[in-house]
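1. prediction below, plus the sequence it came from.
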Amino acid sequence: MGNSPDGGNAVTTRGLRKSFRSVRGRRPAVHGLDLDVPAGGVHAFLGPNGSGKTTTIRMLLGLLHADAGTMHIFGAPVPARLPQVIDRVGAIVESPKFFPAFTAEQNLRLLADAIGTPRERVGQVLEATGLHERGKDRFAGFSLGMKQRLAIAATLLKEPDLLIFDEPTNGLDPAGIHEIRQTMRRLGDEGRTVLVSSHILAEVEQIADTVSIIGRGRVVAQGSVAGIIGAQGAEALEVTVPQADRDRAVGVLRGAGLEVAGDTGPLAVVGAPDPTQVTRLLAEQRIYLSRLVPVRRDLESVFLELTREDALGAPNPPAGSTPGTSTEERR
Ligand SMILES: Nc1ncnc2c1ncn2[C@@H]1O[C@H](COP(=O)(O)OP(=O)(O)OP(=O)(O)O)[C@@H](O)[C@H]1O
């Protein structure tokens, strides 16, 4: 399905840039973005508000001109070759318009006719989005979550290989969020590529196969969830020593420049320490630890750490500053 000559990627961007004019001059929204979305599965495109997700998606879909950089969808350079690949792409970037008085089925049939898709497909996409029992209900009576699933059903009519959803759970209640999540996971399991943007990690973390985290228009981490967490190392080491040696152990570790927390119970050696160094320092003083447990980070702490500057509302760098990624003037 997602057979790509582009290193197996459904989407690739290199040195992508876009800045907007503001009262303080031109401010970069996307600032040298190198994105790799593997073909097949769910890829979460994560970043705080204003980090450049929507701008990137709009550029990929040809809705906005990039200032510089390259973009490929299934190996085809876009926007130059977008007409050749657009049939393989379904996207929801804004709420689509449906006729309130028509049923879900009628709305989808109209769309199917408009794009030349056989009407049999309507039943299949209602099934794929879990709406098959509501096909005869009028759109006006749908909940927000159902409306959003109908929007996804509409994008599925032409059987796209790549689905791009920009914050698809915005405004939904927990049940609606769950339904959309399940739908996206199902599409990923079918072998399609789902690129979903969100500023709320918890919304997509459970269903994502791969993740890219962006901050201030650049990718700050990408890969599998486990890989991203692993790359950041252990947050701390939990070290248990005999109670009689506890104070001495704290002195030894602090004397070696390590940061030790925890007034009672196990010592928490923070700041991604090397377990071998901790063991050796203590053994040299004849303090023998009975337990040493690395405390792993979770994706949320990594996300917050990597995007901290954005979350604090730090101003974007001026448009001329260099992000350290290659750029290629396109227009
Ligand atoms: N048309 C525009 N004109 C001026 N500035 C814009 C425009 N579109 C986006 N921006 C600015 O570009 C930056 C990135 O915005 P963008 O909408 O891409 O972020 P986002 O990551 O999608 O955020 P959110 O999670 O809030 O949707 C922001 O500072 C935003 O104010």
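-> Arrived safely, thanks for sending. What you see is a predicted model, and the numbers here were worked out from it, not measured in a lab.
2. any low-confidence regions in the stretch 101-250 of the chain?
-> 231-234 (pLDDT under 70).
3. and Glu300, how far from Gly50?
-> Computed as C-beta to C-beta, to the nearest Å, the Glu300 to Gly50 distance reads 19 Å. All C-beta spots, glycine's among them, are computed from the backbone N, C-alpha and C.
4. quick check: bridge partners of the closest residue to Pro160 other than its chain neighbours?
-> Among residues not flanking Pro160 along the chain, Gly90 sits closest, at 3.6 Å (C-beta to C-beta, 6 or more residues apart in numbering). Beta-bridge partners recorded for Gly90 (DSSP bridges): Leu163.
5. more crowded one of Glu300 and Gly50?
-> Gly50 (15 against 12; other C-beta atoms under 10 Å).
6. so that one: helix, strand or coil?
-> With DSSP: H, G, I helix; E, B strand; the rest coil as the basis, Gly50 sits in coil.
7. quick check on it: phi, psi?
-> With angles defined as degrees, to the nearest 10, Gly50 sits at phi 80, psi 10.
8. what's the spacing between it and the ligand?
-> 4 Å (C-beta to the nearest ligand atom, to the nearest Å).
9. for my notes, confirm Leu253 occurs in a strand.
-> No. Leu253 sits outside any strand when classified using three-state DSSP, being helix.
10. apart from its chain neighbours, what residue comes closest to it?
-> Val260 (5.0 Å).
11. for Gly171, same thing?
-> Excluding the flanking residues, the one nearest Gly171 by C-beta to C-beta, 6+ apart is Leu144, at 5.9 Å.
12. what sits against that neighbour?
-> Contacts here follow C-beta atoms under 8 Å, 6 or more residues apart in numbering; on that basis Leu144 touches 171-173, 176.
13. filter these to the buried ones?
-> 172, 176 (16 or more other C-beta atoms under 10 Å).
14. now render the contacts of Leu144 as a markdown table, adding secondary structure.
-> Shown next, in a markdown table, are the contacts of Leu144 (three-state DSSP):
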| residue | secondary structure |
| --- | --- |
| Gly171 | coil |
| Leu172 | coil |
| Asp173 | coil |
| Gly176 | helix |
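15. need the contacts of Leu144 in TSV with distance to Thr70, can you?
-> What follows is the contacts of Leu144, written out as TSV (distance: C-beta to C-beta, whole Å):
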residue	distance to Thr70
Gly171	34
Leu172	34
Asp173	40
Gly176	37
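16. the strands in the stretch 51-200 of the chain, which residues?
-> 68-73, 76-78, 89-92, 162-166, 193-198 (DSSP state E, counting those that start in this stretch).
17. adjacent strands (with direction) for the last one?
-> This means strand 193-198. In the sheet, strand 193-198 lines up against strand 41-46 (parallel), strand 162-166 (parallel) (DSSP bridges).
18. which residues touch that strand?
-> With contacts defined as C-beta under 8 Å, 6+ apart, strand 193-198 is touched by 2, 10-11, 37-47, 53-54, 57, 161-169, 184, 187-188, 204, 208.
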